[in-house]
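Participant: model the following, please.
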Amino acid sequence: MLALLAAPLAAQIPAEDSRNTRIPDTDTHFSMPQYKTLAEWESRRQQLRRQILFAAGLDPMPGKTPLRPQIFGKLERGDYSIEKVYLETLPGYYLAGNLYRPAGRGGKFPAVAHPHGHWNYGRLEHSPAGSIPARAITLARQGYIGFTYDMVGYNDTVQTPHAFGGPAGQLWSFGPLGLQLWNSIRVLDFLESLPETDRDRLGVTGASGGGTQTFLLAAVDDRVKFSAPVNMISAIMQGGSPCENAPGLRAGTFNVEIGAMMAPRPMLMVSATGDWTRNTPREEFPAIRGIYELYGKSDHLENVHIDAPHNYNQASREAVYRFFGKHILGERTPAKLTERGPRIEKLQDMLVFHGRRLPDNALSYEDLFAAWRRMSTLQLEQTAGLEAIRARLRLALGVEWPGQVVHEDAGRMVLSRPGVGDRIPASWSDGSGAPILVVHPQGQAGARQSPAVAKWEAAKRPLLVIDAFQTGSAVAPRDRARCHFLTFNRTDDQHRVQDILTALAFLRSRHDGAIDLLGLVEAAVWCAFAAAVSPHPVKLLAMPESFQGTDAEFLRVLFAPGIQRAGGWPAARRILGAEPGR
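Facilitator: Numbers count the residues shown, from 1 in each chain. The predicted structure is shown next:
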């Protein structure tokens, strides 16, 4: 263990922990990473897909129960028709919308999902700035099936409010973004089920919050073959609604990188001079085009820049018609790809539950949340492999096993991960035998006052004692009031578990055998989860015996969004019990 105090590796460790000084939020100006090879991008793409699905509460994916579609109230309008639809996307949970179909022609048709943004009238909005019915009618006339459907809490889909969740919901990854993304996935299932749908030509388009839904759906579901996110893919604004933000969604990423996951499938980026997409022609579009070029498909990506405020106006819609016409219908005649006086129906004739009750099995908000928790528990019980459980816990904790840990020892030891900019103050006591990593919620000072530590010091065991994030000398100001903080940043407790793993990796690089881990008071919980997700054997010297893994305990001791969805304490105990060396 003398190597532990050898000259530090030549690497720069910042004077301040970057986790306190670099705090991105929805209005941060992000930059696209550079990907030099297709293999590098594909690896990142798979990582991002897993991150999105987990943040949405969709990893593991809920079981696809029967949709039981109810289609009724048909309006015949010559060359198209409109019907009312509701779908049971989860048992007892209903999504409503309107189905637009071409009339007077046969064969198979491409189909388009139409999510809407935060318009006053949701899927029924018809104004100069944006019209969901106008685009669905026009596309139906051109030969597409279309389904316009509600965001959660809008129009007919009211079993939850639009913004919901809170800290307890976040533990279970239960929130509007995940429910909306799940609804969109089920909308593709519904469109595929229609006998006249060409299942190889499914698309999606929406603006603003509907644009966010568009590129998220395309990112996680390869059935989307063409798309047009409108006025949303931006490097300077990532979405302001809870339905566009979930804890961990954009940790280490942003909408441009997520939008690029559509590649190499045809995508039109519609932007505007009067909103946060104003830089698209010179910034976001070239960044995403670089990903398309890796596939040799740069011609599958286009940008149309509209001189207007935030919108999905007629000019933007007609740009989409032309792009879809070229890539999907093989139609390039401009006169055939324009709007012509769409007839807008009365609201009451379009609302699904106007004068009609929700089905008898419709769940209340509280019952829906309870059903979500039961589903999570059942899915843990049905998960066979420990590695799958460990991977989900790592996602919930937002941690990694560092490939390298550097340190400095100019007066006092500091550990750090190269390129991350974190700082972990530490102290080392030399001795013989396997090293012990000690963690206390009051940092090194609290640990040194513990009888347990005094026992190991008397036994002359080598000890590494750390000030985990925001403990002991590592306490520092951190602005947690940033807009949608948890979407971009990890909690203090998540960082604490990371620091434990970083310290374990540091010790392992200098010691071949087992490493003992001693967590004191609440830190026993942090250490237990660190041991569970560690890829290398760790021996826990103290289990958190009184910890039961309730929501209240996680909120107090280890707040990690998604931790209960990943299996919580039963998942960690299952790993620790199956691998006694941990």
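
Participant: which non-adjacent residue is nearest residue 321?
Facilitator: residue 337 (4.3 Å; Cβ to Cβ, 6 or more residues apart in numbering). To be clear about C-beta, it is placed using only N, CA and C from the backbone, and glycine gets the same treatment.

Participant: could you list the domains of this structure?
Facilitator: According to automatic domain parsing, the chain comprises the domains 2-26+383-578, 61-231+263-376.

Participant: just send these back as JSON lines, with mean pLDDT and mean neighbour count too.
Facilitator: As requested, the domains of the chain are exported to JSON lines (pLDDT from 0 to 100; neighbours: other Cβ atoms under 10 Å):
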{"stretch": "domain 2-26+383-578", "mean pLDDT": "93", "mean neighbour count": "19"}
{"stretch": "domain 61-231+263-376", "mean pLDDT": "98", "mean neighbour count": "19"}
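
Participant: right, and those - which one's nearest residue 250?
Facilitator: domain 2-26+383-578 (5.1 Å; Cβ to Cβ).

Participant: how far does that closest one sit from the chain's center?
Facilitator: Distance of domain 2-26+383-578 from the chain centroid (Cα atoms, centre = their mean, to the nearest Å) equals 24 Å.

Participant: the residue nearest to residue 321 and residue 322 touch, don't they?
Facilitator: Yes. Between residue 337 and residue 322 there is a contact under Cβ atoms under 8 Å: 5.0 Å.

Participant: what do the two both touch?
Facilitator: Common neighbours of residue 337 and residue 322 are not found (criterion: Cβ atoms under 8 Å, 6 or more residues apart in numbering).

Participant: show me the contacts for the residue nearest to residue 321.
Facilitator: For residue 337, the residues meeting the contact criterion (Cβ under 8 Å, 6+ apart) are 142, 318, 321-322, 325, 331.

Participant: how far away is it from residue 364?
Facilitator: 45 Å (Cβ to Cβ, to the nearest Å).

Participant: with residue 550 instead?
Facilitator: Counting by Cβ to Cβ - residue 550 and residue 364 are separated by 22 Å.

Participant: for residue 382, same thing?
Facilitator: 26 Å.

Participant: in which helix or strand does the nearest residue to residue 192 once chain neighbours are set aside reside?
Facilitator: Nearest non-adjacent residue to residue 192, counting by Cβ to Cβ, 6+ apart: residue 199, 5.0 Å away. If you go by DSSP states H and E, residue 199 is part of strand 197-207.

Participant: in its sheet, what does that strand sit against?
Facilitator: strand 109-115 (parallel), strand 224-230 (parallel) (DSSP bridges).

Participant: wait, isn't residue 329 in contact with residue 142?
Facilitator: Yes. Using Cβ under 8 Å, residue 329 is in contact with residue 142, at 6.9 Å.

Participant: of all the domains of the chain, which one is nearest residue 38?
Facilitator: Set against residue 38 and scored by Cβ to Cβ, the domains of the chain come closest in domain 61-231+263-376, at 4.4 Å.

Participant: got the end-to-end distance for that closest one?
Facilitator: Taking Cα to Cα, to the nearest Å, domain 61-231+263-376 runs 10 Å from one end to the other.

Participant: let me have the contacts of residue 337 in a markdown table, extended by distance to residue 232 and secondary structure.
Facilitator: Converted to a markdown table, those look like this (distance: Cβ to Cβ, whole Å; DSSP: H, G, I helix; E, B strand; the rest coil):
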| residue | distance to residue 232 | secondary structure |
| --- | --- | --- |
| 142 | 24 | helix |
| 318 | 18 | helix |
| 321 | 19 | helix |
| 322 | 20 | helix |
| 325 | 22 | helix |
| 331 | 26 | coil |
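
Participant: wait, which of those is closest to residue 63?
Facilitator: Lowest distance from residue 63 to these (Cβ to Cβ) belongs to residue 142, with 35.9 Å.

Participant: from residue 148, how far out is that closest one?
Facilitator: 16 Å.

Participant: and for residue 340?
Facilitator: In this view, residue 340 and residue 148 are 19 Å apart by Cβ to Cβ.

Participant: quick check: which element contains the residue nearest to residue 91 when sequence neighbours are not counted?
Facilitator: Nearest non-adjacent residue to residue 91, counting by Cβ to Cβ, 6+ apart: residue 65, 5.5 Å away. Assigned by DSSP H and E, residue 65 falls within no helix or strand.

Participant: so what's residue 65 up against?
Facilitator: Under the criterion of Cβ under 8 Å, 6+ apart, the neighbours of residue 65 are 88, 90-91.

Participant: now those in JSON lines, with secondary structure and distance to residue 429?
Facilitator: Formatted as JSON lines, the contacts of residue 65 follow (DSSP: H, G, I helix; E, B strand; the rest coil; distance: Cβ to Cβ, whole Å):
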{"residue": "88", "secondary structure": "strand", "distance to residue 429": "61"}
{"residue": "90", "secondary structure": "strand", "distance to residue 429": "54"}
{"residue": "91", "secondary structure": "coil", "distance to residue 429": "57"}
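
Participant: brilliant, that's me finished.
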